[in-house]
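S.K.: give the three-dimensional model of this entry:
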Amino acid sequence: MGMIGGGTGAFIGAVHRMAAALDQQIELVCGAFSSDAEKSARTGEQLFLPPDRVYGTFREMFEKESLLPENHRMELVSIVTPNHMHFEPALMAIQMGFHVICDKPLAFDLEQAYALRNAVKASDRIFALTHNYTGYPMVKQAKHMVSTGALGKIRKVVTEYPQGWLSKFIEADGQKQASWRTDPSKSGIAGSMGDIGTHAENLTEYITGLKITEICADISILVEGRKLDDDGNVLLRFNNGARGILYASQISAGEENNLRIRVYGEFGGLEWSQMEPNTLIIRWSDKPVQIYRTGGPDLCDAALAHARVPSGHPEGYIEAFANIYRNVAATLMAKRADKNPDNVYLDFPGIDDGVRGMEFIYKVIESGKSDSKWISM
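M.R.: As a prediction, the model looks like this:
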């Protein structure tokens, strides 16, 4: 694997490297870790990479890696840059025959998202998007229970993702993450809805198997001087007639990463929270509450396949992240051997999820600015 971005002091690059390394199926062999060539070189040195495999630009990396023997060059590139730097390296990677794992959102704007989807569909390359919350075992179990009809027809979905780290105008003090995530020239048209609202949207459609068809959004900037939304509340309508509520907020003071979903069907409802990720709660209308735990008995195959430690021991964010990398690696190795991958390992977010997320961002912002009550997805 090669990496673009994730240099010393970066926010998420180290997380990707830990996730990729966890199963010992992926080896980091090269990188263009920063737009600053000296910083990229320092990062490569800290990661014990040979100097000739550390590059000043991603273009140089693609060109030089493609000239190496097939059994030596990188096969997969991980893109962990800010939003405005996703599209060009992802497109170039696909066109030059490399597989891609990319941070979300997919691209800077919807036009780029469609262009990238066209390129991926025209290729035989793997493209994965790190909607890492889908990697949790209990999220897999929730999806299984919905898809097998255990809850009956889904009627109501409530998804929330509150954070509090942008409760103050910290971008004015030069805080690196706040500076680019609230800058329209780097983040795109949305702030909190693009940053975490897309996670909530993806989790909603992943677990329920439903598609959002209409939205009605109230989008706000609540910290004076900020350029992009920091709070949003969205009413949802789904393709089976169900109704839903989704909110994403980065000014909910005191919150950390409190992603939570509740799904209600005819016979009962489920609840999962990232703050307690090893627990899935099922509340039935006619029998006692049921609690599933990661690694415990009576779990579906997908939940068991994505659990890593003996039952009763905690698993969390890194392991869920690693499940995406592990699944991509398994799919890539099956592809290399001209075999069909096990369906369990094909379960990772892809290009269509990325385009869906970009469409959601655009429709939410459109709805938030519109006097119309409902906007079609």
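S.K.: CA atoms for contacts and neighbours, from now on please.
M.R.: OK.
S.K.: wait, is I101 part of a helix?
M.R.: No. Counting by DSSP: H, G, I helix; E, B strand; the rest coil, I101 is not part of a helix but strand.
S.K.: show me what it is bridged to.
M.R.: Beta bridges link I101 to S78, A128 when assigned by DSSP bridges.
S.K.: separation between T198 and Y362?
M.R.: Note on T198: its distance to Y362, by Cα to Cα, to the nearest Å, is 11 Å.
S.K.: those two: which is more packed in?
M.R.: Neighbour count, other Cα atoms under 10 Å: between T198 and Y362, T198 has more, with 25 against 19.
S.K.: which element is the more buried one on?
M.R.: Element membership for T198, per DSSP states H and E: helix 198-208.
S.K.: let me know the average pLDDT across whichever helix or strand comes after that helix.
M.R.: Once helix 198-208 ends, the next helix or strand along the chain (criterion: DSSP H and E) is strand 212-220. Mean per-residue pLDDT for strand 212-220: 97.
S.K.: swap in stretch 332-341?
M.R.: What stretch 332-341 shows for mean pLDDT is 93.
S.K.: and that stretch, end to end?
M.R.: End-to-end distance for stretch 332-341, by Cα to Cα: 8 Å.
S.K.: quick one: buried residues of that stretch?
M.R.: By 16 or more other Cα atoms under 10 Å, the buried positions in stretch 332-341 come out as L332, P341.
S.K.: tell me what angle the helix holding T198 forms with strand 212-220.
M.R.: Calculated by axes from the mean of the first three to the mean of the last three Cα atoms, to 10 degrees, helix 198-208 forms an angle of 150 degrees with strand 212-220.
S.K.: helix 198-208 - what's its average pLDDT?
M.R.: 98.
S.K.: Q274 against R260, yeah?
M.R.: Yes. Counting by Cα atoms under 8 Å, Q274 touches R260, with 6.3 Å between them.
S.K.: show me the contacts for V80.
M.R.: Residues in contact with V80, defined by Cα atoms under 8 Å, 6 or more residues apart in numbering, are M3, I4, G5, G6, I12, G13, H16, H86, C102, D103.
S.K.: pull the contacting residues for P310.
M.R.: Contacts of P310 (Cα under 8 Å, 6+ apart): G295.
S.K.: give me the element it is part of.
M.R.: Using DSSP H and E, no helix or strand contains P310.
S.K.: tell me the pLDDT of it.
M.R.: pLDDT at P310 comes out at 85.
S.K.: so which bits of stretch 108-120 are buried?
M.R.: F108, D109, L110, Q112, A113, Y114, L116, R117, A119, V120.
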